[in-house]
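Enquirer: Here's a sequence, model it:
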Amino acid sequence: MAKDTEKLIRQLSLISYLMAERRPVTALEIRRDVEGYSGMNEDAFARRFYADRAELESLGIQLTVEKPADGVAEQENYSLRPENFHLPAIAFSDSELASLQFALTLLDGEFAYAEPLRLALQQISWGRPSPLNSPEQGSIALGVTASAGGHDLSQRLAKIETAIFRNKTITFAYYTMERDTVGARKVDPYHLLFQGGQFYLLGRSHERDAIRVFRLSRIRGKVAYATKAEHDFKRPTDFDPRSYATRADWQFGESVGEAEVWISERIAWQVERHFGRFGSIRPAEDGSGDMVFTTEYASVRQLAAWALRLGEHVRILAPTELVREVAERVEQLHERHTGDELDLAAPVAPSEADEVPEVATSKRETAIRPERFARLVTLASILIQAGRANERLQFTEVCEALQVSDAELREDVNVLNVVNFGGGSYVLYAEVHDDGTIEVDPEPYSDNFARPARLLPVEAKALVAAIDLIGDHLPEGALNSAREKIVAALGADPMEQGLQVASGAGDDSKIARVVSRAIAESHQLRLEYYKANEDEFSERVVEPYALINGREGWYVASYDPAREAVRHFRLDRVKTAEVLEGSFAPRPEVDPAADVVGWPSTGIVEASRVARVWISPERARWSREQRRVAQELADGSLIVELPYKGTDWLVREVLAEAGDAAVISPPEARDAVRGAVDRLRLAVR
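Expert: Model (predicted):
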């Protein structure tokens, strides 16, 4: 029998024994009565029992230890309180359970934590109709699902997740974008962050003796453990992962100053809603309705890029060196768009940069598998429930529910069949029959596993991460209220224990609630919408069908009767939303989420035009990660291809490169950038 299987039988039998005895027991009694310990000598038992206690504690299962007055370890008494093993009952409403089920439906197979999420939903819905069997909703679709994206990244994510859980130092080779070098890294991994479609590792770098952020897609090769020790470090108690998820792009790194930014009245509402949390906003002193945004910054370039993207509606006021930097970048943009052509270096032969990066395509390609311990306690409760109801389970249905293979389920059943309370009292006996059914005979003391166990850390993280990924975008805020109940039952927020999903956009929750109510009730929706391309507001009355998340934020997919077509409106551009009294009959021909695997997840829209854009040598490495490279040039610069529909969108993309990009073709796009730069030159003077 494999050592891991022996350990699981031993740990489950220890839990069974302690809960069946319902009294404190000595180490001597445990060694004598618990499956797996009886054949050990004193030293071996002491080591194994200590290791098992430590591992159960890391799983959230805390044994109570009563120490004698004289401190003799051999006389310690051990017990396991039911509340330290069982999950408290959670009073979910029907809408909350339906919303949780819908979260799994959306994420199943496309979420790096889909399998532990499935187990978590089995546990928290105990005593209620399983949300896994509920009818689907249709008010939301996901373009960004927090999938690992490719085999290599999945392997790294799984290894890092385990290292965080076990407090193991890891080593890997890392590509540093700023220096364009690959070097060895030794890191104590503290936390995972999913932001902007990417997974990041937060941890202490041994080379810098400081907290650093590592993008998983820039790790090269395999991730390995640094030592063979059971644990290598303890995460500092003052480490706060939330600070890393609440920074703007220009705030990553050590702060170098505080900027004052003028915001025109026209977009002040938008900046306040989406960027106000990154600083403070006050009215301009001239009483014009304009605003002044004060924000700390670590990267001059990133702050300049943000300001330039917003065009003449934003102007840096202070400090002087930042004002000068932005002005210089505007002049650089002007020089590179003066004349009909850009002077380019000679092209070089195509390289591997032209290759399309690996993308996960399998519905089954999930990165994180839950600890087998979690699977076994969930399976035990499923089997016991069926046995007490005198029902046979379908073998294939159990495999599907737990996402395990035929061989894995048979092995799990065999393990549970030997878990016992000592003295020949077993938890259950399950037999797999030739007709594809499982017959279960639960033992009288099986009550201890009949109720659901506490969520293990990876299950809790999966559950809350799934809720945070979808956010407050369902009717009545059902996911948010479910999250509050889950955190209350767990006693801690899993967001602080290893994984955090950060919102890439601002706070559109109020708009989302209005929109989701209109969708649920099939009511028309009036939108006051800011069209950034034309820099104007418009009023739209639409039939809303679904909310969709994408790389740039959330959208409401609607049918616009005035244009007789499906349209997607970005929530961050909706100034106000109102549910109208007039309802509509859903149009069977409308499938608003039909293209959810297209532009929402890739950012690439179907378009009739493609722009060729030059990227400077200084920014070429970053563009290689994000853009399709058409040509490498001898001086290290690139030519990339950008599909686009609206010229104004393309102009904003080029301005956001802060002088490091220039349009080569088509001529009208080059002219449009030149015009935008001329307006900026007037604004910064």
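
Enquirer: Run through the residues that contact Leu402.
Expert: Going by CB atoms under 8 Å, 6 or more residues apart in numbering, Leu402 touches 118-119, 375, 378-379, 409. (Each C-beta comes from the backbone N, C-alpha and C, glycine too.)

Enquirer: Counting neighbours, which bits of stretch 228-244 end up buried?
Expert: Across stretch 228-244, burial judged by 16 or more other CB atoms under 10 Å covers 232, 235, 241, 244.

Enquirer: export that stretch as PDB, just CAs?
Expert: Taking Å, rounded to 0.1, in the frame of the first residue of the first chain, the C-alpha atoms of stretch 228-244 are listed here in PDB:
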ATOM      1  CA  LYS A 228      13.000  18.000   1.500                       C
ATOM      2  CA  ALA A 229      11.900  19.400   4.900                       C
ATOM      3  CA  GLU A 230       8.200  19.100   5.700                       C
ATOM      4  CA  HIS A 231       7.900  22.900   6.200                       C
ATOM      5  CA  ASP A 232      10.500  25.600   5.400                       C
ATOM      6  CA  PHE A 233       9.000  28.900   6.600                       C
ATOM      7  CA  LYS A 234       6.100  30.600   8.400                       C
ATOM      8  CA  ARG A 235       4.200  33.400   6.600                       C
ATOM      9  CA  PRO A 236       4.600  36.600   8.500                       C
ATOM     10  CA  THR A 237       1.500  37.600  10.500                       C
ATOM     11  CA  ASP A 238       1.700  41.200   9.200                       C
ATOM     12  CA  PHE A 239       1.600  40.200   5.500                       C
ATOM     13  CA  ASP A 240      -1.500  41.700   3.900                       C
ATOM     14  CA  PRO A 241      -2.300  40.500   0.400                       C
ATOM     15  CA  ARG A 242      -5.100  42.900   0.000                       C
ATOM     16  CA  SER A 243      -2.700  45.800  -0.600                       C
ATOM     17  CA  TYR A 244      -1.500  44.200  -3.800                       C
END
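
Enquirer: which residues are contacting it?
Expert: If you take CB under 8 Å, 6+ apart as the criterion, stretch 228-244 is touched by 51, 54, 166-169, 188, 190-191, 193, 200, 202, 204, 211, 213, 226, 495-496, 500, 502.

Enquirer: Next step: those residues restricted to helices.
Expert: Residues of these located in helices (DSSP state H): 51, 54, 166.

Enquirer: in the stretch 1-150 of the chain, which spans are strands?
Expert: 25-26, 64-66, 77-79, 140-142 (DSSP state E, counting those that start in this stretch).

Enquirer: Include mean neighbour count and distance to Thr396 when you put those strands into TSV, please.
Expert: Below are the strands of the stretch 1-150 of the chain laid out as TSV (neighbours: other CB atoms under 10 Å; distance: least, CB to CB, whole Å):
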stretch	mean neighbour count	distance to Thr396
strand 25-26	16	41
strand 64-66	11	41
strand 77-79	17	40
strand 140-142	23	28
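
Enquirer: looking at the ones you listed, which is closest to Thr295?
Expert: With CB to CB as the criterion, Thr295 lies closest to strand 140-142 of the strands of the stretch 1-150 of the chain, at 30.5 Å.

Enquirer: and that closest one, what does it pack onto?
Expert: Applying 3 or more CB pairs under 8 Å, 6 or more residues apart in numbering; DSSP states H and E, we find strand 140-142 packed against helix 94-107, helix 457-470, strand 536-550.

Enquirer: Quick check: buried residues in the longest one?
Expert: What that stands for is strand 536-550. Buried residues in strand 536-550 (16+ other CB under 10 Å): 540, 542-550.

Enquirer: and the angle for it with helix 457-470?
Expert: Counting by axes from the mean of the first three to the mean of the last three CA atoms, to 10 degrees, strand 536-550 lies at 160 degrees to helix 457-470.

Enquirer: Give the pairing partners of the following helix or strand past strand 536-550; include direction for each.
Expert: Once the chain leaves strand 536-550, the next helix or strand it forms, by DSSP states H and E, is strand 553-560. Applying DSSP bridges, strand 553-560 is found paired with strand 536-550 (antiparallel), strand 565-570 (antiparallel).

Enquirer: Tabulate the ones you listed (JSON lines), appending distance to Ser637 and mean pLDDT.
Expert: Shown next, in JSON lines, are these (distance: least, CB to CB, whole Å; pLDDT from 0 to 100):
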{"stretch": "strand 536-550", "distance to Ser637": "30", "mean pLDDT": "89"}
{"stretch": "strand 565-570", "distance to Ser637": "32", "mean pLDDT": "88"}
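
Enquirer: just so I know, which of the ones you listed lies nearest Arg483?
Expert: strand 536-550 (17.1 Å).

Enquirer: Could you pull up the residues touching the residue nearest to Leu216 when sequence neighbours are not counted?
Expert: Once flanking residues are discounted, Leu216 sits nearest to Phe199: 4.5 Å by CB to CB, 6 or more residues apart in numbering. Phe199 sits next to 112, 146, 148, 153, 157, 192-193, 215-217 when contact means CB under 8 Å, 6+ apart.

Enquirer: if I look at the residue nearest to Tyr200 when sequence neighbours are not counted, how far off is Ile281?
Expert: In space, Tyr200 comes closest to Leu193 once its chain neighbours are excluded; the distance is 4.5 Å by CB to CB, 6+ apart. Distance, Leu193 to Ile281, using CB to CB, to the nearest Å: 26 Å.

Enquirer: One more: Glu431?
Expert: Note on Glu431: its distance to Ile281, by CB to CB, is 67 Å.

Enquirer: When the two are compared, which one has more neighbours?
Expert: More crowded of Glu431 and Ile281, by other CB atoms under 10 Å: Ile281, with 16 against 12.

Enquirer: so where does that one fall, helix or strand?
Expert: strand 279-283.

Enquirer: Pull up the pairing partners for that strand, direction included.
Expert: By DSSP bridges, strand 279-283 pairs with strand 291-297 (antiparallel).

Enquirer: avg pLDDT for the partner strand?
Expert: Regarding strand 291-297, the rounded mean pLDDT is 96.

Enquirer: Report the angle between whichever helix or strand comes after that strand and strand 291-297.
Expert: As assigned by DSSP H and E, the chain's next helix or strand after strand 291-297 is helix 300-309. Helix 300-309 runs at 160 degrees relative to strand 291-297, counting by the same axes, to 10 degrees.

Enquirer: start at 4 instead
Expert: In the new numbering, first residue 4, that becomes helix 303-312.

Enquirer: May I have helix 303-312 as PDB, with CA atoms only?
Expert: The C-alpha trace of helix 303-312 is given here as PDB (Å, rounded to 0.1, in the frame of the first residue of the first chain):
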ATOM      1  CA  VAL A 303       6.000  57.500 -14.200                       C
ATOM      2  CA  ARG A 304       5.400  55.700 -17.500                       C
ATOM      3  CA  GLN A 305       2.300  53.900 -16.300                       C
ATOM      4  CA  LEU A 306       0.700  57.000 -14.900                       C
ATOM      5  CA  ALA A 307       1.600  58.900 -18.100                       C
ATOM      6  CA  ALA A 308       0.100  56.100 -20.200                       C
ATOM      7  CA  TRP A 309      -3.200  56.200 -18.200                       C
ATOM      8  CA  ALA A 310      -3.400  60.000 -18.600                       C
ATOM      9  CA  LEU A 311      -2.600  60.000 -22.300                       C
ATOM     10  CA  ARG A 312      -5.200  57.300 -23.000                       C
END
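
Enquirer: quick one: contacts of that helix?
Expert: 251-253, 255, 259, 262, 264, 298, 300, 317-319, 325, 328-329, 332-333, 336, 655, 658-661, 683.
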